[in-house]
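Undergrad: The sequence and its predicted three-dimensional model are supplied below.
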Amino acid sequence: MTGFTRKQLGQLRRNVGNSVVRTKIAGGREISYLEGWYVVAEANRIFGFDRWSRETLELRSLGSRENRGSFQAGYIAKVRVTVSTDGMTVIRDAHGTGDARGATALEAHDMALKTAETDATKRALATFGKPFGLALYRRKPNAPGQCVQKPQGVQSAPEAPSNVSLQPPPRTDENSMRIGKPKRIRDKEHLRFVGSQPCLLCGRQPADAHHVRFAQPQALGLKVSDEFVVPLCRAHHREAHQTGNERSWWQRQNIDPLDVARGFWAKSRGHEAENVGS
């Protein structure tokens, strides 16, 4: 990879930490993966937020259906990731799939489309090295249930499965949060932990712990629970508060802040448990 600095090459060879690897059950087996927001943040950190870009080249619908007022949709996306280095440009293409369920057809299609684009982006970035989850695609025959599928090739699109499951896989994280839960938790240690993380959009540190306003029903004079916070630099924090529709603002960033908040909450509580047991 001529063109990358020595520091970047070292970062691209470094294994991803176990604390950021997530698991889910799909097709009767356990799959290891990295969350989309984390992969984008790593790309910003390693390449520079202004030195790489992603472009959706193709979108193909897998179909949609309605079942008792709930809508489901699925998509295949092809994404191109372009990284600019000193003296060269590296381009990687990859395909990804996504399915989602929503209260309206528009919501289901929108969520499925974004999921497919995020999946394709992760697959394209994974070809650059280990910090983007490259090692997670390696088969582990001696560890049943830990195998994951090999990344899709960049020359041809994956075949659409004949029996597409449009139902999202069940969450296995026991720390999963319920949106709309009225209880508002206050945790200063967690706010400090989130504030120590790099900004989700530009990677700057330190960051502010931004409360995602649409995570819970509005209450007069009360912020949402501290479990619904994500790291934003001062400039992006101000921008998020000034936008008229925060949900749409996050959609334009192609980031799901509630998934990000869930990950930080689980990680923060995990550290807390370790400290108690030590």
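TA: Nice, thanks for sending it over. Numbers count the residues shown, from 1 in each chain.
Undergrad: Helices along this structure, start to end?
TA: Secondary structure of the chain (DSSP state H): helices at 6-12, 36-47, 105-126, 188-195, 234-242, 246-253, 257-277.
Undergrad: For those, which has the smallest mean pLDDT value?
TA: Among those, helix 257-277 has the lowest mean pLDDT, at a mean of 73.
Undergrad: Show me the beta-bridge partners of the closest residue to residue 47 other than its chain neighbours.
TA: Counting by CB to CB, 6 or more residues apart in numbering, residue 47 lies nearest to residue 83, which is 5.3 Å off, once chain neighbours are set aside. For every residue, glycine as well, the C-beta is placed using N, CA and C. When bridges are called by DSSP bridges, residue 83 pairs up with residue 52, residue 90.
Undergrad: contacting residues for residue 83?
TA: 47, 51, 52, 89, 90, 91, 92, 128 (CB atoms under 8 Å, 6 or more residues apart in numbering).
Undergrad: The second one and residue 45, how far apart?
TA: The reference is to residue 51. Shown here: residue 51 relative to residue 45, a distance of 11 Å by CB to CB, to the nearest Å.
Undergrad: go on, residue 31?
TA: Residue 31 is 25 Å from residue 45, by CB to CB.
Undergrad: do the same with residue 124
TA: Going from residue 124 to residue 45 by CB to CB gives 17 Å.
Undergrad: Looking at the two, which one has more neighbours?
TA: When residue 124 and residue 45 are compared for neighbours, residue 124 comes out ahead with 28 against 15, by other CB atoms under 10 Å.
Undergrad: remind me which residues of the stretch 51-200 of the chain are low pLDDT?
TA: 137-182 (pLDDT under 70).
Undergrad: quick check: domain ranges of this structure?
TA: As assigned by automatic domain parsing, the chain contains the domains 7-137, 188-277.
Undergrad: wait, residue 236 sits on residue 202?
TA: Yes. With contacts counted by CB atoms under 8 Å, residue 236 reaches residue 202, the gap being 6.7 Å.
Undergrad: Pick out the residue closest to the middle of the protein.
TA: With distances taken as CA atoms, centre = their mean, residue 36 lies nearest the centre of the chain, 2.1 Å away.
Undergrad: how close does the nearest residue to that one once chain neighbours are set aside get to residue 81?
TA: For residue 36, ignoring the flanking residues on the chain, the nearest one in space by CB to CB, 6+ apart is residue 118 at 3.9 Å. From residue 118 over to residue 81 the distance is 12 Å, taken as CB to CB.
Undergrad: now do residue 270
TA: Distance of residue 270 to residue 81, given as CB to CB: 31 Å.
Undergrad: And residue 73, by the same measure?
TA: Taking CB to CB, one finds residue 73 at 25 Å from residue 81.
Undergrad: Ok, residue 72 next?
TA: Distance from residue 72 to residue 81, by CB to CB: 29 Å.
Undergrad: I'd like to know how many residues surround the nearest residue in space to residue 194 that is not next to it in sequence.
TA: Distances taken as CB to CB, 6+ apart place residue 209 nearest to residue 194, at 4.3 Å, with adjacent residues excluded. Residue 209: 21 surrounding residues under other CB under 10 Å.
Undergrad: And residue 87, by the same measure?
TA: Around residue 87 there are 7 other residues, counting by other CB under 10 Å.
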